[in-house]
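[1] Show me how the following folds:
(one chain, ligands or ions: 1)
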Amino acid sequence: MKNFYDCVPELSGFVIFDLETTGLSPQEDSIIEISAVKVRGNGITEEFSTFVNPGFHIPEIASSVSGITDEMVKDAPGIEQALSDFTVFISDDVLVGHNIINFDLKFINKEMTALWGKALPNDYLDTLIMARRYLPELQSRSLESLSGHYGISYAGAHRALCDCKINYEVYKHLIEEMRHPSQAALAVVSCPECGNLLKKREGKFGTFWGCRSYPECKYTRNSV
Ligand SMILES: [Zn+2]
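    Have a look, this model is predicted:
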């Protein structure tokens, strides 16, 4: 994984994506909606959105968050077709999303590995890490909190395509934070390899700094 967080990423284009799922566990739950927007220059040029039929009843708790019901996905493609269409749409673009390292990419890579024996090869940039790095003073860095912080409308949230568009607005603000980092942001201790934050961990030989992206990133250094 690439470090996009130490200086402003000069991306000529990228894709912002988001999923809706039947629950919070990438191991046990399934994808029911995949949406993405393609960004070129200063705006969104293409949209992608599909429901996914998970092949089982969507729990009420999941329907109550996203509003997606069994009825809405009954004629939708299964995960194989949906992911195949998604990979054509994203091509080799860098993928941008909120909390994608710990959530969305885990769902997608579980399915891709089961279907085709490999994970998505695309580089990715997680706006949650951007927010951790450049807005360390915020109590919450959910998409909703960041929207509130920047005065972006959160209407229609929790449906994937709408979340992509909200995320794009948040991304543009976060890029401005990167251009003019605060003193607090400059004091954040980050991983030189992937750009995520480091945190103190306890090991056999005492305390050390480890990357928050572990196990994806295995960077460590001695605690001093
Ligand atoms: Zn790292």
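[2] Give me the neighbour count for N167.
    25 (other Cβ atoms under 10 Å). For the C-beta atoms, the positions are set from N, CA and C on the backbone; glycine is no exception.
[3] G195: what's it in contact with?
    N3, F4, Y5, D6, I129, R133 (Cβ atoms under 8 Å, 6 or more residues apart in numbering).
[4] filter those by proximity to the ion?
    When contact is defined as Cβ under 5 Å from the ion, the contacts of G195 do not meet the ion at all.
[5] Looking at neighbours, which among these is most surrounded?
    Ranking the contacts of G195 using other Cβ under 10 Å puts I129 first, with 26 neighbours.
[6] Contact distance from the ion - what residues of the chain qualify?
    So the chain meets the ion at C191, E193, C194, C211, S213, C217, Y219 (Cβ under 5 Å from the ion).
[7] The fifth one: what secondary structure?
    It refers to S213. Three-state call for S213 (DSSP: H, G, I helix; E, B strand; the rest coil): coil.
[8] For it, list the residues it contacts.
    M1, I101, C191, C194, N196 are the contacts of S213 under Cβ under 8 Å, 6+ apart.
[9] any chance of these in CSV, with pLDDT and secondary structure too?
    Output for the contacts of S213, formatted as CSV (pLDDT from 0 to 100; DSSP: H, G, I helix; E, B strand; the rest coil):
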residue, pLDDT, secondary structure
M1, 71, coil
I101, 93, coil
C191, 95, coil
C194, 94, coil
N196, 94, coil
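[10] what two of those are the furthest from one another?
    The span of these, defined through Cβ to Cβ, is set by I101 and C191 at 12.2 Å.
[11] for the protein, which helix is longest?
    helix 160-179 (DSSP state H).
[12] what pairs with T50 across the strands?
    Following DSSP bridges, T50 is listed with bridge partners I34.
[13] Quick check: L83 touching I108?
    Yes. The criterion here is Cβ atoms under 8 Å, and L83 meets it with I108 at 7.0 Å.
[14] related to what we said a few turns ago, among the contacts of G195, which are in strands?
    Using DSSP state E to define strands, no part of these is located there.
[15] just curious, which of those residues is nearest to N42?
    F4 (19.0 Å).
[16] Tell me which of I101 and C191 has more neighbours.
    Neighbours per residue (other Cβ under 10 Å) separate I101 from C191, with C191 holding more: 25 against 20.
[17] List phi and psi for that one.
    phi -80, psi 130 (degrees, to the nearest 10).
[18] isn't it right up against Y219?
    Yes. Contact criterion Cβ under 8 Å: C191 and Y219 qualify, at 5.0 Å.
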